[in-house]
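Q: the following comprises the amino acid sequence and a computationally predicted model.
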Amino acid sequence: MINAIVLIQADNGRIPETAQALADTDGVAEVYSCAGDVDLIAIVRVRDHARIADVVTGRIDKTPGVLRTVTHIAFKSYSSADVEAGFSLGE
């Protein structure tokens, strides 16, 4: 599973509707409304890299109310104390 974090600037008057539309988008696992430099954060979970582009540029970017996006691919980090994760990474 590949995770991407999409930071979204949205039309201020449409944030609730935009968030709901994004949450209903196939491939989007979670959507958060937040204060700060961005208005919304979408967590995208897909099985392959090509699908990320489809979800972000083909769907999220075209959602009414979305003005701009920045996408970050997220790789899980494991604690050195996580013995099971260490074994699975080494196998």
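A: That came in fine, so what should we check first? Numbers count the residues shown, from 1 in each chain.
Q: in stretch 15-29, what's buried?
A: Judged by neighbour count using 16 or more other CB atoms under 10 Å, the buried positions of stretch 15-29 are 18, 19, 21, 22, 25, 27, 28. Using the backbone N, CA and C atoms, a C-beta is placed for each residue, glycine as well.
Q: neighbouring contacts of that stretch?
A: Outside stretch 15-29, the residues within contact range by CB atoms under 8 Å, 6 or more residues apart in numbering are 8, 10-11, 30-31, 33, 39-40, 42-46, 51, 54-55, 59-60, 63-66.
Q: among those residues, which are in helices?
A: 51, 54, 55 (DSSP state H).
Q: what about the nearest residue to the last one once chain neighbours are set aside, distance to residue 42?
A: When you say that, I think you mean residue 55. Spatial nearest neighbour of residue 55, chain neighbours left out: residue 27 (3.8 Å); criterion: CB to CB, 6 or more residues apart in numbering. For residue 27, the distance to residue 42 equals 9 Å [CB to CB, to the nearest Å].
Q: what about this structure, any weak spots by pLDDT?
A: Where the chain drops to pLDDT under 70, the residues are 82-91.
Q: strands of that one, start to end?
A: Assigned by DSSP state E, the chain shows strands spanning 2-10, 28-33, 40-46, 66-74.
Q: now render these as a markdown table, adding distance to residue 81.
A: Below are the strands of the chain laid out as a markdown table (distance: least, CB to CB, whole Å):
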| stretch | distance to residue 81 |
| --- | --- |
| strand 2-10 | 22 |
| strand 28-33 | 27 |
| strand 40-46 | 25 |
| strand 66-74 | 21 |
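Q: can you tell me the centre-most residue of this protein?
A: Residue closest to the average C-alpha location in the chain (CA atoms, centre = their mean): residue 43, at 2.6 Å.
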